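from the sequence below, what's the structure:
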Amino acid sequence: MRRLLAAFIGMLLLTACQNGASAAPSPTTSPSTQAVAPRHFTVYDTTFYDHLDLTQYGAVKADIIYEGRVAALSGQPVRSPNGRPTTELVLPPKGAYQKLVRQHLANPGPLVLDYETLYLQGTPEVAKRHFRKLSTLLTWTREVAPHKQIGFWDLLGNTGRPYYPLGRTLAAHEDVFLPSLYTSSTDSEATWQHRLDKARAQAKQIAPGKPVYPFLWPQFRDRPGAGRYVSPALWSYELQACSKATNAVVLWGGGQHGNRNTAWLDALKHFLTHRS
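This next block holds a predicted model:
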């Protein structure tokens, strides 16, 4: 059975490379039958700040399957339970993977697949290998979550232009793009807006009409500001900009420090209260 699956995926990959966009392993249910994106702007919550429940302010819980948890299924070394494996992700046993997926279906928001060692980058051989693994994992996920919105975390921003045909094949079976728009310490409103516009333009090139739900984090992603909180003004701007350009955002972040800074939370609560 594994040899037949490998041969089947290989045939799909060859067709994708030749035609620019072809069918990946067919999920049980096509994304076209999935729930339509909410009519009003939605804030999805994947945060893990201590003693902080954003649903009380109107956010909707979503789930993330972290690559480290997938790697652990086959005994692959990982940096931490929620971190990346130390080497490229190895495909786990199908049954164990699907059991893991079932454990991440309780919340109503999208299911985020965070597989950062499998981005469509590098040499053609590497990108094709990553494509095969992503196709398989997406198929296995769809089989046990046929009615769930599913998307890969930040694959959109980590797909090299030569591999757009592979990205289009995967996107045909994803429901949503989930690009990271975490704030850089050098970002202004203008530079951050440019990054949002770039992500939307790339999404349009790969899969016109596919929803884009940016990932936002109220803290800076890089040095020298890593860990510091984004100013309330810039944070509010990011939320407003997304509400004008997309149907939803996904919030990430966590730990004890989130309770020591209330400015970002006050801005978020104001936004949630007044959003359309």
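
all helices of the chain, in order?
2-19, 67-72, 94-102, 124-144, 164-171, 189-206, 232-245, 263-274 (DSSP state H).

which helices and strands sit right next to the fourth one?
In terms of contacts (3 or more Cβ pairs under 8 Å, 6 or more residues apart in numbering; DSSP states H and E), helix 124-144 is packed against helix 2-19, helix 94-102, strand 111-114, strand 150-152, helix 164-171. In short, each C-beta sits where N, CA and C put it, glycine included.

please repeat the previous calculation with a cut-off of 7 Å.
If you count contacts as 3 or more Cβ pairs under 7 Å, 6 or more residues apart in numbering; DSSP states H and E, helix 124-144 packs onto helix 2-19, helix 94-102, strand 150-152, helix 164-171.

quick one: that helix to helix 164-171, angle?
Orientation of helix 124-144 against helix 164-171 (axes from the mean of the first three to the mean of the last three Cα atoms, to 10 degrees) gives an angle of 10 degrees.

per-domain residue ranges of this structure.
Annotated domains of the chain cover 38-60+176-276, 63-106+111-170 [automatic domain parsing].

can you lay out these as JSON lines showing mean pLDDT and mean neighbour count?
Shown next, in JSON lines, are these (pLDDT from 0 to 100; neighbours: other Cβ atoms under 10 Å):
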{"stretch": "domain 38-60+176-276", "mean pLDDT": "91", "mean neighbour count": "17"}
{"stretch": "domain 63-106+111-170", "mean pLDDT": "96", "mean neighbour count": "18"}
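
please name the nearest non-neighbouring residue to residue 54.
residue 45 (4.4 Å; Cβ to Cβ, 6 or more residues apart in numbering).

residue 58 is in contact with that neighbour, correct?
No: look at residue 45 against residue 58 with Cβ atoms under 7 Å: they stay out of range, at 9.7 Å.

okay, and the common contacts of these two?
Counting by Cβ atoms under 7 Å, 6 or more residues apart in numbering, residue 45 and residue 58 have no common neighbour.

start and end of stretch 222-235, how far apart?
This stretch, stretch 222-235, spans 16 Å end to end (Cα to Cα, to the nearest Å).

so what touches it?
Outside stretch 222-235, the residues that reach it (Cβ under 7 Å, 6+ apart) are 183-185, 189, 218-220, 261, 263-264, 267.

can I get those residues in JSON lines including distance to residue 274?
Below are the contacts of stretch 222-235 laid out as JSON lines (distance: Cβ to Cβ, whole Å):
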{"residue": "183", "distance to residue 274": "22"}
{"residue": "184", "distance to residue 274": "27"}
{"residue": "185", "distance to residue 274": "28"}
{"residue": "189", "distance to residue 274": "19"}
{"residue": "218", "distance to residue 274": "18"}
{"residue": "219", "distance to residue 274": "23"}
{"residue": "220", "distance to residue 274": "25"}
{"residue": "261", "distance to residue 274": "21"}
{"residue": "263", "distance to residue 274": "17"}
{"residue": "264", "distance to residue 274": "16"}
{"residue": "267", "distance to residue 274": "11"}
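
and the nearest residue to residue 154 once chain neighbours are set aside, what is it in contact with?
Setting aside the residues directly before and after it, residue 154 is nearest to residue 180 in space (Cβ to Cβ, 6+ apart), at 4.2 Å. Applying Cβ under 7 Å, 6+ apart, we find residue 180 in contact with 154, 157, 215.

just residue 84 next, same as before
Applying Cβ under 7 Å, 6+ apart, the residues near residue 84 are 67-68, 78, 116-117.

quick check: bridge partners of the residue nearest to the spatial centre of the chain?
Nearest to the geometric centre of the chain sits residue 153, at 2.1 Å (Cα atoms, centre = their mean). As for beta bridges, residue 153 partners with residue 178 under DSSP bridges.

and the gap between it and residue 115?
According to Cβ to Cβ, to the nearest Å, residue 153 stands 8 Å off from residue 115.

picking that back up, distance of the residue nearest to residue 154 from residue 262?
Distance, residue 180 to residue 262, using Cβ to Cβ: 25 Å.
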